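Student: how would this look folded up:
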Amino acid sequence: MQKILILLFFLLAPLANNTFAATDRAIFAGGCFWCMESPFEKLTGVSEVISGYTGGTKLNPTYQEVSAGGTGHTEAVEVYYDPQLVSYEKLLEVFWMQIDPTDAGDQFVDRGSQYRSGIFYLDAEQKRLAEESKQKLAEAGRFNKPLVTEITSAGKFYTAEEYHQDYHSKNPLRYWYYRGGSGRDDFLDKVWGKDR
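Tutor: This next block holds a predicted model:
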């Protein structure tokens, strides 16, 4: 009986490790959340990216309320990842390559503070790493204006309506038309070139 239990342990242990793999969470805002999902989803170790709203005071905000302004919320993404496969530092690197960190109130064609860029840290280590990455980017000299992306403590994250989730894969033509017309890719190509 003891041999059978030991055998079962070794057979089932890998399944348990995969099922209960450690998952961390990160929250980023970079303008339209449609454009922020795909870059993170491409990373090995990222299990899920959810579009939503955060940073404001309105309880259970809707897209109509947030996009109209006045709720204090910004469109954001919540990234679930395995820190053994992808680091928070890598997520920060990908984040900076999706936004214009010199634009204080909004991003590209989307205007208003509901489209501001931001890093919403969940603990002291995320805060430290975010601040270090911002400083490193500022010192790299890629931008000729100050970096104004906010780094603030995360509040409640509200999941956006289902039709916003994975918009890039559900509506690829509309997504690419919007993304191309927004000026985002032209700006990012100019700043990052082949590094992107």
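
Student: low-confidence stretches in the protein?
Tutor: For the chain, the stretches with pLDDT under 70 are 1-21.

Student: tell me where this structure has strands.
Tutor: 24-30, 46-54, 74-81, 117-121, 150-153, 158-159 (DSSP state E).

Student: any idea which of these gets closest to Lys170?
Tutor: strand 46-54 (11.6 Å; Cβ to Cβ). All C-beta atoms are positioned from the backbone trio N, CA, C, and that covers glycine.

Student: out of the strands of the chain, which gets nearest to His168?
Tutor: strand 46-54 (10.3 Å).

Student: export only the CA atoms of that closest one, formatted as PDB.
Tutor: Output of strand 46-54 as PDB, limited to C-alpha atoms (Å, rounded to 0.1, in the frame of the first residue of the first chain):
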ATOM      1  CA  VAL A  46       1.000  35.500 -18.900                       C
ATOM      2  CA  SER A  47      -2.200  33.500 -18.300                       C
ATOM      3  CA  GLU A  48      -4.800  36.200 -18.700                       C
ATOM      4  CA  VAL A  49      -5.200  39.900 -19.500                       C
ATOM      5  CA  ILE A  50      -8.500  41.500 -18.500                       C
ATOM      6  CA  SER A  51      -9.700  44.900 -19.700                       C
ATOM      7  CA  GLY A  52     -11.300  47.100 -17.000                       C
ATOM      8  CA  TYR A  53     -11.400  50.300 -15.100                       C
ATOM      9  CA  THR A  54      -9.500  51.500 -12.000                       C
END
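
Student: and it, what's buried?
Tutor: Across strand 46-54, burial judged by 16 or more other Cβ atoms under 10 Å covers Val46, Val49, Ile50, Ser51, Gly52, Tyr53, Thr54.

Student: contacting residues around the residue nearest the centre of the chain?
Tutor: Central residue of the chain (Cα atoms, centre = their mean): Phe28, 3.9 Å from the mean position. Under the criterion of Cβ atoms under 8 Å, 6 or more residues apart in numbering, the contact list for Phe28 reads Met36, Phe40, Ala76, Val77, Val79, Leu91, Phe95, Gly118, Ile119, Phe120.

Student: number of residues surrounding the fourth one?
Tutor: The tally of other residues near Val77 (other Cβ atoms under 10 Å) stands at 27.

Student: could you pull up the residues touching it?
Tutor: Ile27, Phe28, Ala29, Gly30, Phe33, Met36, Glu37, Phe40, Val49, Ile50, Ser51, Gly52.

Student: out of the buried residues of strand 46-54, which comes closest to Ala130?
Tutor: Using Cβ to Cβ, those come closest to Ala130 at Thr54, 14.9 Å.
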